[in-house]
Every structure is written in C-alpha cells, then in structure tokens.
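> All I have is the shape, not the residue letters:
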C-alpha cells in the first residue's frame with residue numbers, strides 16, 4: 001500500500017466502499033427474501049402463472065373471478081378470454097419463460113401457451129427488460145385462455161433479481177468514470193513529483209512543467225517552475241563567477257610563476273612554486289565542481305573501458321592500483337570525460353588516504369556497479385554522509401599533499417547523480433573504506449542512438 005500513488009490509493013478506497021455497499025445490499029436482500037414465496041426459483045412469474053392456471057382448471061365461474069381478483073396486484077392484471085393462446089404479431093417471444101411455465105404445469109405442460117413482450121418492435125432491448133409489458137396466454141382445461149399482463153419490476157418477476165442490482169452495476173460504472181476523472185485530475189501532481197525528483201539530479205535538464213489541472217494545482221506548478229528557474233539561475237551564476245574568478249586568478253598565478261622562476265634557487269623559491277601549484281589545483285577542482293553541476297546527460301560510454309584505461313595509466317606510474325576481472329563491457333549513460341573524472345577521483349582518494357586502490361566492476365539488476373576498496377583507516381559511520389559535501393575534508397590537515405581541497409568525492413557524486421546513479425560509502429574487506437558507484441545500464445538500441 002505504501003508504494004501506491006495518491007490517485008490509486010483514492011481509487012482503491014472508493015472501489016472498496018462501493019463493493020462493500022453492493023455486497024451488503026445483496027446480503028440484506030437475500031436474508032429478507034423467503035424461499036417459500038418463490039414458486040419458481042430464479043423466475044417467480046412462471047410459478048405464479050402456472051399455479052393460477054392449475055387453480056382455474058378446477059374452479060367454476062364465481063370461483064375463477066375470486067381467484068383472478070386475488071392474483072391481481074399493482075402492475076399485474078389477469079383475465080379469462082376466448083380465443084387461442086398465441087402471441088401477438090408485434091411481440092417479442094420469451095421462450096425461457098414459456099419453458100419455465102411448462103415445467104411448473106407438470107403433466108399439463110403440453111397445453112398451448114405463449115409469453116411475449118408487447119410491442120417489442122418499438123422498444124430498445126434494455127427498455128423491454130426493465131420497463132416493457134410482458135403478456136402471457138395459457139390455455140385452460142375448458143378451452144378458454146388465461147391472459148396475464150405484467151408491467152414494471154420485470155427483472156424481479158422474470159429473473160428474481162432486484163432492480164437495485166442493476167442500479168448498483170450502473171453505480172459501479174459511474175464510479176469507474178469518477179475514478180477516471182480523479183486519476184486524470186491527479187496526474188499533474190504525479191508528473192510534478194517525477195519532475196522534482198529529476199530536478200534533484202539534473203537541474204538543467206528539467207524543462208518547465210506544463211500548467212494543467214485544477215486552478216490550485218496550476219498555481220502550484222507555476223510556483224515550482226519559478227523556483228526551478230531561480231535555482232538554475234543561481235547555479236549558473238555560481239558557475240559564471242567561478243569561471244570569471246578562475247580566469248583572473250590564472251592570469252595572476254601565471255605572473256607569479258614567471259616571477260618565481262626568476263628568483264634564484266632557494267627554499268623560498270621552492271615554497272613559492274608549491275603554493276602556486278596548490279592554488280592552480282584548487283582552481284581546477286572548483287571549476288570541475290561547477291561544471292559537474294550541469295553534467296550532460298546525452299551520450300553513452302563503456303565504463304569497463306574507462307576503468308581499464310585508468311588502471312593501466314596508474315600502473316604505468318607505479319601506483320598501487322589493481323583491477324579484479326569483472327564485466328568485459330558496461331555501457332552506461334554519460335560521456336567518457338565525465339566518467340574518467342569519477343574513476344580518477346575515486347582512485348585518487350583511495351591511494352591518497354588508503355595506500356592502495358582495488359577496483360572491481362560487475363553487473364547486477366540492470367545496473368553497473370563499480371567498487372573501489374582501500375586499506376586505510378576507513379570512514380566512520382557518522383562521517384559517511386558528510387564526505388560528499390563541498391570542501392569537506394576528514395583529514396584536518398591543511399596540507400594539500402594529503403588533505404586536498406575536499407572536492408574530489410563531491411565532484412564524483414555530482415556527476416554520478418546527474419547520470420541517474422548513486423554513490424555510497426561502506427567498509428572494505430581490506431579494513432579501509434569502500435566507495436560503490438551504481439549506474440543504470442543502457443540498452444543496445446539506446447547505445448546506438450546515443451553514440
């Protein structure tokens with residue numbers, strides 16, 4: 001029940017209520033109905049007519065009048081006429097009713113009789129059953145003909161089914177239409193929820209949602225669209241500011257480097273160059289973080305190839321990086337540069353803080369799973385939710401040779417989230433930390449369309 005959306009929860013509640021009322025009405029009708037009053041179970045009118053015919057066979061003129069008077073009721077007429085027991089030319093025959101009367105007559109069931117709906121040619125089929133007039137003619141023992149005319153409540157008299165059952169069925173049909181209307185009215189809310197979920201991962205790839213539905217829903221959608229525009233504008237402004245600042249700082253850093261190169265070899269010159277390199281690395285990380293916020297969704301890339309290439313380059317540099325045999329190919333959404341940035345940042349983090357990086361790439365449940373294990377001190381449970389925040393460094397050192405700027409995992413999380421994936425922190429079998437990246441696989445058709 002928790003997984004059902006609002007519209008379907010409301011639909012189930014309405015359906016359950018209607019079904020409960022319908023079954024309760026049927027139960028009450030069944031309990032109040034006495035079986036002894038049903039002369040012909042399933043078709044009461046047949047039993048009543050056959051009983052009247054047998055009774056009239058044994059009565060004279062005065063007795064017949066009394067019997068007919070007792071049989072008559074609102075909507076039910078009966079009389080004895082001369083002539084054959086035959087249907088009228090414009091009537092629609094009721095063979096099932098005729099057969100039921102013959103069964104009730106027993107040995108006398110071979111006498112002539114007929115049952116039909118009067119003037120059926122001018123009535124719709126549903127009108128014949130609910131509001132038509134049924135006429136029955138049964139030959140009596142003395143050659144006369146019993147004529148019975150019934151109007152209204154034909155479903156009860158012919159089928160033993162109360163009109164309320166059909167009213168309930170009509171009510172269910174109306175309820176189905178009402179549920180359709182409810183689902184249609186709540187569809188904009190479902191679309192809004194999906195769009196907000198997507199906006200959390202891909203802010204720039206979420207266009208404004210069309211304003212549909214009730215006035216208050218349209219106002220809500222309009223407010224959300226405006227909020228998204230403001231957020232995207234702020235994020236773009238941040239990226240522009242970072243880009244402009246980095247451009248100006250790069251110019252100044254270039255001048256500093258040139259001036260430092262002109263300084264004679266000394267400890268001060270070495271420190272100056274190291275500071276310049278640290279500032280350049282910090283600028284690069286900041287720009288990468290700003291770009292990762294608007295990572296492009298289009299394209300597909302073989303993650304297995306990216307991982308193999310990264311491991312080969314690290315091994316060539318003599319770094320303690322190892323790749324376990326796993327998936328040969330793993331096509332996922334995203335561009336090769338963005339995925340290389342993710343893998344590189346995870347490997348850098350593992351080598352810097354854990355002394356080694358063991359990578360494994362597997363495929364499970366239509367998702368590619370990349371695990372990076374290290375042999376460091378690990379990450380405490382309380383700090384695992386904080387490692388992806390910008391400029392968050394668990395190492396309190398300000399030395400960039402070890403502490404870093406605190407943007408590597410943030411950039412990786414931004415890119416992975418924009419591609420519809422997740423990144424989590426756990427414990428490694430090597431006693432260190434394990435970072436796991438899960439990305440959805442791309443089908444062959446989607447791969448051909450994206451590449």
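Structure's in. What do you need? Small disclaimer: the values here were computed from a predicted structure and weren't measured.
> Let me see the contact set for residue 55.
residue 67 (CB atoms under 8 Å, 6 or more residues apart in numbering). All C-beta atoms are positioned from the backbone trio N, CA, C, and that covers glycine.
> Could you list the low-confidence segments of the protein?
1-9, 25-43, 119-132, 152-168, 200-205, 285-298, 391-406, 444-451 (pLDDT under 70).
> neighbours around the closest residue to residue 338 other than its chain neighbours, how many?
Once flanking residues are discounted, residue 338 sits nearest to residue 415: 5.0 Å by CB to CB, 6 or more residues apart in numbering. For residue 415, the count of nearby residues is 25 (other CB atoms under 10 Å).
> Kindly report the same for residue 323.
Residues near residue 323, counting by other CB under 10 Å: 18.
> mind listing the strands for the stretch 301-450 of the chain?
Ranges of strands within the stretch 301-450 of the chain are 321-323, 331-333, 357-364, 367-373, 422-427, 433-440, based on DSSP state E, counting those that start in this stretch.
> rewinding a little: help me confirm that the residue nearest to residue 338 comes into contact with residue 335.
No. With contact defined as CB atoms under 8 Å, residue 415 does not count as touching residue 335 (9.6 Å).
> Note down every partner strand of the helix or strand hosting residue 116 and its orientation.
Following DSSP states H and E, one finds residue 116 within strand 113-117. The strands beside strand 113-117 in its sheet (DSSP bridges) come out as strand 92-93 (antiparallel), strand 133-139 (antiparallel).
> The stretch 201-350 of the chain: helices as residue ranges?
215-261, 267-293, 303-316, 336-354 (DSSP state H, counting those that start in this stretch).
> Comparing these, which comes out most buried?
helix 336-354 (a mean of 21; mean count of other CB atoms under 10 Å).
> and that helix with strand 367-373, angle?
Per axes from the mean of the first three to the mean of the last three CA atoms, to 10 degrees, the angle that helix 336-354 makes with strand 367-373 is 30 degrees.
> quick one: helix 336-354 to strand 422-427, angle?
Angle, helix 336-354 to strand 422-427, by the same axes, to 10 degrees: 20 degrees.
> So what pairs up with the closest residue to residue 148 other than its chain neighbours in the strands?
Using CB to CB, 6+ apart and skipping the chain neighbours, the partner closest in space to residue 148 is residue 136 (4.3 Å). For residue 136, the beta-bridge partners are residue 115, residue 148 (DSSP bridges).
> backbone phi and psi for residue 146, please?
Main-chain torsions, residue 146, degrees, to the nearest 10: phi -80, psi 130.
> That one contacts residue 83, correct?
No. Using CB under 8 Å, residue 146 is not in contact with residue 83; the gap is 11.5 Å.
> When these two are compared, which one has more neighbours?
Higher neighbour count among residue 146 and residue 83: residue 146, with 23 against 11, using other CB under 10 Å.
> what sits against the more buried one?
Residue 146 neighbours (CB under 8 Å, 6+ apart): 49, 52-53, 56, 78-80, 85, 136-140.
> nearest residue to it other than its sequence neighbours?
residue 138 (4.5 Å).
> doesn't residue 111 make contact with the one you found?
Yes. Here residue 138 lies in contact with residue 111, judged by CB under 8 Å, at a distance of 7.0 Å.
> Quickly list what's touching both of those two.
In the contact map built from CB under 8 Å, 6+ apart, the residues linked to both residue 138 and residue 111 are residue 85.
> Which one's more surrounded, the two?
Remark: of residue 138 and residue 111, residue 138 carries more neighbours, 26 against 15, as counted by other CB under 10 Å.
> do you know how far residue 136 is from residue 219?
65 Å (CB to CB, to the nearest Å).
> And for residue 54?
Distance from residue 54 to residue 219, by CB to CB: 75 Å.
> re the thing from before, let me have the strands of the stretch 301-450 of the chain in JSON lines, adding distance to residue 63 as columns.
What follows is the strands of the stretch 301-450 of the chain, written out as JSON lines (distance: least, CB to CB, whole Å):
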{"stretch": "strand 321-323", "distance to residue 63": "107"}
{"stretch": "strand 331-333", "distance to residue 63": "93"}
{"stretch": "strand 357-364", "distance to residue 63": "89"}
{"stretch": "strand 367-373", "distance to residue 63": "89"}
{"stretch": "strand 422-427", "distance to residue 63": "91"}
{"stretch": "strand 433-440", "distance to residue 63": "88"}
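> Residue 236: which of those is closest?
Of all the strands of the stretch 301-450 of the chain, strand 331-333 sits nearest to residue 236, with 22.6 Å by CB to CB.
> packing partners for the closest one?
Other elements packing on strand 331-333 under the criterion 3 or more CB pairs under 8 Å, 6 or more residues apart in numbering; DSSP states H and E are strand 300-302, strand 433-440.
> tell me how far the longest one is from the chain's mean position?
What that stands for is strand 433-440. Taking CA atoms, centre = their mean, to the nearest Å, one finds strand 433-440 lying 27 Å from the centre of the chain it belongs to.
> what's the answer for stretch 66-84, then?
62 Å.
> start to end distance for it?
23 Å (CA to CA, to the nearest Å).
> Give the buried residues for it.
Neighbour counts over stretch 66-84 (16 or more other CB atoms under 10 Å) mark 67, 68, 71, 76, 77, 78 as buried.
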